[in-house]
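Colleague: show me the folded form of this:
(2 chains)
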Number of protein chains: 2
Amino acid sequence: MPLNPASDAFLETLTKALPADTIREAEPRFQEEPRGRWTGAATHVAMPRTTEEVATLVKLANEAQVGLVPYGGGTGLVGGQIAPSEVTKPLLVSLERMTKIRAVYPDENVLVAEAGAILSTIQDAAVDVDRLFPLSLASEGSARIGGLLATNAGGVNVLRYGNARELCLGLEAVLPNGEIWHGLKRLRKDNTGYDLRNLLIGAEGSLGIITAASLRLSPRPAKTGTAMLVVSDPTAALSLLSLARSTFGETISAFELMHRTGMDFLAETLPEVRLPFADIPEWTVLIEIGVSGGLDPQEALETLFGEALEQELVSDGLIAQSEQQAQDFWAVRERIPEANRMIGAVSSHDISIPLSAIPAFIPEGIKRLEAVGAFRVNCFGHVGDGNLHYNVFPAPGHSRAEHEHQRDDIKRVIHDLVHEMDGSVSAEHGIGRLKVKDLERYGDPAKLSAMRAIKAALDPKGIMNPGAVLREGTY
Amino acid sequence: MPLNPASDAFLETLTKALPADTIREAEPRFQEEPRGRWTGAATHVAMPRTTEEVATLVKLANEAQVGLVPYGGGTGLVGGQIAPSEVTKPLLVSLERMTKIRAVYPDENVLVAEAGAILSTIQDAAVDVDRLFPLSLASEGSARIGGLLATNAGGVNVLRYGNARELCLGLEAVLPNGEIWHGLKRLRKDNTGYDLRNLLIGAEGSLGIITAASLRLSPRPAKTGTAMLVVSDPTAALSLLSLARSTFGETISAFELMHRTGMDFLAETLPEVRLPFADIPEWTVLIEIGVSGGLDPQEALETLFGEALEQELVSDGLIAQSEQQAQDFWAVRERIPEANRMIGAVSSHDISIPLSAIPAFIPEGIKRLEAVGAFRVNCFGHVGDGNLHYNVFPAPGHSRAEHEHQRDDIKRVIHDLVHEMDGSVSAEHGIGRLKVKDLERYGDPAKLSAMRAIKAALDPKGIMNPGAVLREGTY
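Modeller: Next up, the predicted model:
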């Protein structure tokens, strides 16, 4: 049964049931997304102030069989927050008025926030009680915790602290039938029934709307150490990671791999970025450790460097001697995406691969791309998590526009290879609307039918984020 | 529609479809469980050798609508592995012939094991490649990984490494329709659809049979330090935990709280256990740290002790000066359950509470029990996780038998209080058959209806572990 549009009569019903000003016309900002790939077609947005108001509007939408598209900070990269015109005029639901930090429990390492709270606000609230909320990513100044959890966001600290999933102890959410699930537990251990929390995390709003979360805080590392080490190839990088893990245990906060292409791009487009080595090495690792007490991180990195030299895993290296130098090292890593944009990628891939397959994957991808055309590959990323950004650029002297028609072929070549190697075609961004077909192609058939059965069971009318994750009409 | 019994005709069908000797009479060991509370009534057990054989038998059971009770090591404490007579003669499915370690990837910190592999075998396989599989609990010599994951087992290392859930990267499982889900990913990041892995973990076999798992290994801490510290009360213990966390970060492997009642019981029943302090303190904390390199754990614990003395969090303490002394400290903690059994508890409770509620919970529980009768409470456990064993004993000179009729009242008083304080009535043991009514009483109604909808969607005939977690006929 197809969805009904959010008609004037339906909006009128909502307006009567909810406080004035809850239902509004959708401003242009709701129609845009960071990659400019979709333009939203929702005419209205609901801005509830309380969980009860969310429940009221979901209940009415369920009765009227009108689609709802939950909206967090709007920073998603796969279009999950967009109401595209293919879907019968759904209603956006923005959580931006539910931004309270409801409670902080420093001794429990727990913070309870409403879904609309911005990530950087939560980070600051944790610092205020001398704690760390370790989720950290480029969009932290505008991404909201509800959306970050709905998409199981990753970021730079996953190696040490896990994804958003691992940072969440409990949820409050409105399920598709309008019932409120009061699941804001603050417990480390709770084995009472099915794991509804993890089911909603990563469901991208297709099984309900997260309204609040209890989040796990960590102690703040007292001291940080940063180093840039030159490795001969990805195999050496992985051995270095192994060695670093035996030496430092859980204190490695970041372990990033960069190919020389990224630094070449920086030299070409952003000459103000200080490159650490006079000759750009083929492969460089950026490692950061954060220790709590007793250890001198610089000394520890020196020991690692010495041992890695002896084992011939690294050939050169620099250990940051000051906060400024550490920032310079990070600038290299963090400005590569900017350089990439200036060069202009034909196709970008957010993939993950089992660690031991990475050394074979990187050259094999390049080889297979040769059958499509002449490209340059910039491969870099969170190698400690097996998460690579594998971005494909035109050969020097050629433009992105020339290759526009090959984008789908390139994606297919890379994603097929990722799939063959037991990897994931969406490591941290999710499925949204962009990768629905990839999920159909690469997803395990038994898992897909279980997903469809769950969707049909919890949301029989299909009102929650229609068209995201699962194609409409397939459940 | 009620289930059909595993009739002779059905067993005959299975026997034809599967290799000889797969279907056997159930020996007495399958009818027993550690607490002696249930006696199983299954006459037969299937012992498949491969995932495909599991799939075949689930498919046939689903067609015939015959109940299946998955059986791991049989060590569960809530009766989830037992086929009681209330259920229409189901078939047991023991995974004990599927015990292979399929692969070990030391550089990835990953090990892939079949569901029937015994925990200690997996621990040993990790040590063989100089890694740690940190799941550790009393029954590790007989518990099997499939059951440990199905029940999301806890144990002594949860504070540092998480529950079984956090140690699992991927699953292979047979779903109730007989389809095999090939989900043995070895990835740290994979955001492609609903989290079926975490849904099966903790579902106690009621949504499918786990046949294999990819497990997360850790580096082995190079050195360990252990201390016994005397605190005035649980509030001081929690402040000490906070201080230890700021000092040691993630390196705290255990943080256990013990009340003097436990040591009194030891002195009374097991005089050979060496108690660390001449006068038994009211409250004692056992702390263990494991560090990877650079740090001297004894020195670190001395620093903590000094600072805790200064802040008046502790009044006395001992830091183990040898491996033997560390073992003596642990013997105190580990033999308390034995002493408990010799004294004879009227009722035991596996509960968790938000950390900051613990100081209020302990005396309030004692106060409320006074309305039921005169009891002694031995409260001890994994306080770092908020997980307490809150065990209720007769007053001196009285017997357990005198209080037998009050057990349900005692459970009600304690569980009601736990629920009021936002805790969990099953921290690590699960629901099984023992706590089905507790789940109905204390579970969130919206979550319960979502659970029933999921159960009905994935297992419409209700064949998977009937009567466990959810009462038959309620989904």
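Colleague: hmm, who's touching the lengthiest helix in chain A?
Modeller: Using DSSP state H to define each element, chain A has its longest helix at helix A:323-343. Helix A:323-343 has contacts (Cβ atoms under 8 Å, 6 or more residues apart in numbering or on different chains) with A:138, A:224, A:226-228, A:256, A:258, A:262-263, A:265-266, A:268-270, A:273-276, A:286, A:288, A:318, A:320, A:348, A:378, A:380, A:389, A:391, A:393. (C-beta placed from N, C-alpha, C; glycine too.)
Colleague: need the contact list for the one residue sitting closest to the centre of chain A.
Modeller: The structure's chain A has its C-alpha centroid closest to A:Ala153; by Cα atoms, centre = their mean the separation is 3.4 Å. Taking Cβ under 8 Å, 6+ apart as the criterion, A:Ala153 is in contact with A:Leu135, A:Leu137, A:Ala143, A:Gly147, A:Asn163, A:Ala164, A:Glu428.
Colleague: same thing with A:Thr235?
Modeller: If you count contacts by Cβ under 8 Å, 6+ apart, A:Thr235 has them with A:Pro359.
Colleague: for my notes, confirm it occurs in a helix.
Modeller: Yes - counting by DSSP: H, G, I helix; E, B strand; the rest coil, one finds A:Thr235 located in a helix.
Colleague: per-residue confidence for it?
Modeller: If you check A:Thr235, the pLDDT there is 94.
Colleague: next, count neighbours for the closest residue to A:Leu207 other than its chain neighbours.
Modeller: Leaving out its chain neighbours, the residue that sits closest to A:Leu207 by Cβ to Cβ, 6 or more residues apart in numbering or on different chains is A:Leu458, at 5.3 Å. Around A:Leu458 there are 23 other residues, counting by other Cβ atoms under 10 Å in any protein chain shown.
Colleague: neighbours around A:Leu60, how many?
Modeller: By the criterion of other Cβ under 10 Å, A:Leu60 has 18 neighbours.
Colleague: verify the stated contact: it with A:Thr15.
Modeller: No - checked against Cβ atoms under 8 Å, the pair A:Leu60 and A:Thr15 is beyond contact range at 10.6 Å.
Colleague: give me the three-state assignment for the closest residue to A:Asp128 other than its chain neighbours.
Modeller: Closest residue to A:Asp128 apart from its sequence neighbours, by Cβ to Cβ, 6+ apart: A:Val104 at 7.7 Å. Under three-state DSSP, A:Val104 falls in the strand class.
Colleague: A:Val104 contacts A:Val127, doesn't it?
Modeller: No - the pair A:Val104 and A:Val127 does not pass the contact test of Cβ under 8 Å, sitting 11.0 Å apart.
Colleague: part of a helix, is A:Leu275?
Modeller: No - per three-state DSSP, A:Leu275 lies outside any helix segment and is coil.
Colleague: where do the domain boundaries of chain A fall?
Modeller: A:101-219, A:221-342, A:344-429 (automatic domain parsing).
Colleague: pull the contacting residues for the residue in the stretch 351-475 of chain A that chain B sits nearest to.
Modeller: Per Cβ to the nearest Cβ, A:Ala457 is where the stretch 351-475 of chain A lies closest to chain B, at 3.5 Å. Applying Cβ under 8 Å, 6+ apart, we find A:Ala457 in contact with B:Ala453, B:Ile454, B:Ala456, B:Ala457.
Colleague: make CSV from those residues and add secondary structure to it.
Modeller: Converted to CSV, the contacts of A:Ala457 look like this (three-state DSSP):
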residue, secondary structure
B:Ala453, helix
B:Ile454, helix
B:Ala456, helix
B:Ala457, helix
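Colleague: out of those residues, which end up buried?
Modeller: Neighbour counting with 16 or more other Cβ atoms under 10 Å in any protein chain shown marks B:Ala453, B:Ile454, B:Ala456, B:Ala457 as buried within the contacts of A:Ala457.
Colleague: state the pLDDT value of the one residue in the stretch 251-400 of chain A that gets nearest to chain B.
Modeller: For the stretch 251-400 of chain A, the residue closest to chain B is A:Ser292, as judged by Cβ to the nearest Cβ, at 3.4 Å. The confidence metric pLDDT takes the value 74 at A:Ser292.
Colleague: what of A:Ala395?
Modeller: Looking at A:Ala395, its pLDDT is 94.
Colleague: do A:Val158 as well
Modeller: For A:Val158, the model assigns a pLDDT of 93.
Colleague: for it, what are its contacts?
Modeller: A:His382, A:Asp385, A:Asn387, A:Glu428, B:Arg188, B:Lys189.
Colleague: let's go with 10 Å and repeat that
Modeller: Contacts for A:Val158 (Cβ atoms under 10 Å, 6 or more residues apart in numbering or on different chains) come out as A:134-137, A:164, A:166-167, A:253-254, A:382, A:384-385, A:387, A:427-428, B:188-189.
Colleague: from A:Leu167, how far out is it?
Modeller: 10 Å (Cβ to Cβ, to the nearest Å).
Colleague: now for the two: what residues contact both?
Modeller: By Cβ under 10 Å, 6+ apart, A:Val158 and A:Leu167 have these common neighbours: A:Pro134, A:Leu135.
Colleague: name the residues of the stretch 251-400 of chain A found near chain B, please.
Modeller: Residues of the stretch 251-400 of chain A lying near chain B by Cβ under 10 Å from any Cβ of the partner chain: A:251-252, A:290-297, A:299-300, A:303-304, A:350-358, A:382, A:384-387.
Colleague: sorry, back to before: can you name the two of the buried ones among the contacts of A:Ala457 that sit furthest apart?
Modeller: Pairwise distances across those peak at 7.4 Å for B:Ile454 and B:Ala456 (criterion: Cβ to Cβ).
Colleague: from A:Arg220, how far off is A:Ala227?
Modeller: As defined by Cβ to Cβ, A:Ala227 lies at a distance of 21 Å from A:Arg220.
Colleague: the two: who's more crowded?
Modeller: A:Ala227 (26 against 15).
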